[in-house]
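Visitor: any chance you can model this:
(chains A and B)
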Amino acid sequence: MRINRLWAAILLGIPLIYLIVFFVTPLGMVVVDSFSNEAGELTLANYATVLGEAYYWRVLGYTFWIALVTCVATLILGYPLAYYMSLIERRRTMRRLCFILILMPLFTSNIVRSFGWIVLLGREGLVNETLLLLGIVDRPLRLLSTEVAIIIGMIYVMLPFMVLAIASVLQNMNGSLREASRDLGATAFATFLKVTLPLSAPGIVAGTLIVFTLSISSYVTPRIMSGGRSVVSSMLIYDQFMLVFNPFLGSAIAVVLLVASFALIIAYTLLMERRPARGTST
Amino acid sequence: MPLIAIDRLTKSYGSLQVLKGVSLDIEEGEFVALLGPSGCGKTTLLRAIAGFVDIDGGDIAIGGRSIAGEPPNRRPVNMVFQNYALFPHLTVRDNVAFGPRRNGVDKAGLAAIVDPALETVGMTAYADRLPAQLSGGQQQRVALARAIANKPKVLLLDEPLGALDLKLRKRMQMELKHLHQKLGITFLFVTHDQEEALVMADRIVVMQEGDIAQVGTGEDIYARPQSRYVADFIGEANLLPLEAGPDGTLRIAGEAEPLPYRAPAGAGAPTLLVRPEEIRVGAAPAGGVSLSGTLTDRVFIGNATRLFVKIANGQSVVIQQAGAGTEDTLPAGAPVRIGWAREAARVLTG
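Guide: Numbering: from 1, shown residues only, chains lettered A, B, ... in the order given. Okay, the predicted model is just below:
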């Protein structure tokens, strides 16, 4: 299809204007705010606070830690699921059903889903009731408001993204490659290690990037699941804006989080791009 | 003892029976083509030998040992896939080394296997390229090198030339034939292209709806097909329905003259097979068959001329004359006599 210059300009222009108005501008304002104080003067005081106090480093580190654990856990749980859906299950209807089941949680609000976990994990929740009834424990376990609870909640929210990213790559993989591997003498496991896994690397990279970035910025799940006990960066930012009414410090935390995330993602992408280019070690 | 013994092999997908008790023996060093249209079961048979299809019944033995229950990686066969199935993340060298590595060949041994394999197919200069950087023909060669690197007892080839253009295909046909002579490995080759089968194979297995229709050398099958199906599939055939008289004589439907042929006993409706190049314009030699008809078309195709003659029953008979067809100068629409020697035609009942 041929598009003339005017149409091209319009088609590119609309999303561009949208991005500038609703993304670049607010982001710019956040950056400007992060260098300001209440009097409207330019200052580095906000960054001095964020970068100077150990508390903020701990929260930042904790945020990345939660994101990393979520990433690894969804990869470990999601890969077999994606593998099953795309390579083992041959019936079309079953595959569709799998996709619908994977996608279904996304139709529900994050808040509702997180409260669902409270019903399950609370002191008088289903899990504790069952454990007590079976006599496995004699006092209800504290499951909510722990790091484990946050991670369980995060895995649950993020799993679909990981599964879909990996499944889309596995599904498009030429099936005769696995046959060729078996034909040449590789066991099923060696075929997975030497053929399927390396060729699904783009899906793993995409999935981990999506899950990692979404986890870093997620707010609702950590807030509800932690009961306010553990603090991640997004909660800190929210509190600065909405409770403490210090948008300047909040902006500085946001910018630090943004820059740190970017640095990590760029480093990760470079690492993954360099590595699998030439696999000489089969 | 045959190298490959396939015994009453059956396979169904749901209610569709794709292999209906196929039995076939293949000798060591043979080049055998499995020939048939799509859906005849030839690829299923090949994949059953490779181990990618679980058979329902029957047995496959290689070198006297049944391999029916063995996984693909434990079978002494290797396959060249239809679209080559080269590992896109590995270089040409690593693709070829994949098999030997899985079989525990050490570093020193690898070079001694991979280098000659690449040299055999003329791809030494491309050893460090990735498959995506190669042309279709080059990928084909790498796929061959990869399959022979394991020194299989049988090389299975699944329409390996299907993706190449005509010129390259013709060249690769001869190269494959030479490769077969050089390696001495048994080749089992799936194709739907009768010419490809004729060019390369020592023996052709014509398949029809999950069963073997006929097995034989190319000459054998072309000259003595046992059924209409085989006659039609290999080469071009004029198939004329016959009517049997009460006294056992045969007539072409719509013709009065009885033919100098007899119907084989106890068989189905007879058909006369005459190859287009066997028919002459003009009267037949003594003892032969002559027919009258109308010349409908005359087509020059370079190395030959084709005439289309409508005979009394309305059927169109194709005649192929070498060169420009100077035997006659009849215009289209003219009445014409055609004929063939007695032994040039065959009565088919299958």
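Visitor: give the residue spans of the chain that score low on pLDDT.
Guide: Assuming you mean chain A. A:1-2, A:275-282 (pLDDT under 70).
Visitor: try chain B instead
Guide: For chain B, the ranges with pLDDT under 70 are B:265-267, B:324-328.
Visitor: up against chain A, what does it have?
Guide: B:50-52, B:71-73, B:77-79, B:81-83, B:85-91, B:94, B:97-99, B:101-103, B:130, B:146-147, B:150 (C-beta under 8 Å from any C-beta of the partner chain). C-beta: built from backbone N, CA, C; applies to glycine.
Visitor: just the buried members of these?
Guide: B:50-52, B:72-73, B:77-79, B:81-83, B:85-87, B:89-91, B:94, B:97-99, B:101-103, B:130, B:146-147, B:150 (16 or more other C-beta atoms under 10 Å in any protein chain shown).
Visitor: follow-up on the earlier one: just the residues of chain B next to chain A: which are in strands?
Guide: In strands, defined here by DSSP state E, the members of the residues of chain B next to chain A are B:77, B:78, B:79.
Visitor: can you add distance to residue B:159 and give those back as TSV?
Guide: Converted to TSV, those look like this (distance: C-beta to C-beta, whole Å):
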residue	distance to residue B:159
B:77	17
B:78	16
B:79	11
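Visitor: please name the residues that touch residue B:191.
Guide: B:33, B:34, B:35, B:159, B:161, B:162, B:197 (C-beta atoms under 8 Å, 6 or more residues apart in numbering or on different chains).
Visitor: dump those to JSON lines, plus secondary structure and neighbour count.
Guide: Below are the contacts of residue B:191 laid out as JSON lines (DSSP: H, G, I helix; E, B strand; the rest coil; neighbours: other C-beta atoms under 10 Å in any protein chain shown):
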{"residue": "B:33", "secondary structure": "strand", "neighbour count": "26"}
{"residue": "B:34", "secondary structure": "strand", "neighbour count": "27"}
{"residue": "B:35", "secondary structure": "strand", "neighbour count": "28"}
{"residue": "B:159", "secondary structure": "coil", "neighbour count": "20"}
{"residue": "B:161", "secondary structure": "coil", "neighbour count": "25"}
{"residue": "B:162", "secondary structure": "coil", "neighbour count": "14"}
{"residue": "B:197", "secondary structure": "helix", "neighbour count": "26"}
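Visitor: from the ones in strands among the residues of chain B next to chain A, pick the one nearest chain A.
Guide: Distance to chain A across those (C-beta to the nearest C-beta) is lowest for residue B:79, with 4.9 Å.
Visitor: list the contacts of the closest one.
Guide: Neighbour list for residue B:79: A:179, A:180, A:183, B:46, B:50, B:147, B:155, B:156, B:157, B:158 [criterion: C-beta under 8 Å, 6+ apart].
Visitor: tell me which of those residues fall in strands.
Guide: Going by DSSP E, the strands hold B:155, B:156, B:157, B:158 from these.
Visitor: hmm, which two among the contacts of residue B:79 are most spread apart?
Guide: Farthest pair in these (C-beta to C-beta) is A:179 and B:155. Separation: 15.5 Å.
Visitor: who's more crowded, those two?
Guide: Applying other C-beta atoms under 10 Å in any protein chain shown to residue A:179 and residue B:155 shows that residue B:155 carries more neighbours, namely 24 against 20.
Visitor: report the beta-bridge partner residues of that one.
Guide: residue B:78, residue B:187 (DSSP bridges).
Visitor: thinking it is in contact with residue B:190, fair?
Guide: No: using C-beta atoms under 8 Å, residue B:155 is not in contact with residue B:190, being 11.8 Å away.
Visitor: check contacts around the residue most central in space within chain A.
Guide: In chain A, the C-alpha nearest the mean C-alpha coordinate belongs to residue A:211, at 2.2 Å (C-alpha atoms, centre = their mean). Neighbouring residues of residue A:211 by C-beta under 8 Å, 6+ apart: A:67, A:70, A:71, A:74, A:75, A:158, A:161, A:162.
Visitor: apply 7 Å and report the result again.
Guide: With contact set as C-beta atoms under 7 Å, 6 or more residues apart in numbering or on different chains, residue A:211 has these partners: A:70, A:71, A:74, A:158, A:161, A:162.
Visitor: try residue A:195
Guide: Residues in contact with residue A:195 (C-beta under 7 Å, 6+ apart) are A:177, A:178, A:181, B:87.
Visitor: can you list phi and psi of it for me?
Guide: When read as degrees, to the nearest 10, the backbone of residue A:195 gives phi -120, psi -60.
Visitor: would you mark the buried spots in the longest helix seen in chain B?
Guide: Looking across chain B with DSSP state H, the single longest helix is helix B:166-183. For helix B:166-183, the neighbour count (16+ other C-beta under 10 Å) marks B:168, B:169, B:172, B:173, B:175, B:176, B:177, B:179, B:180, B:183 as buried.
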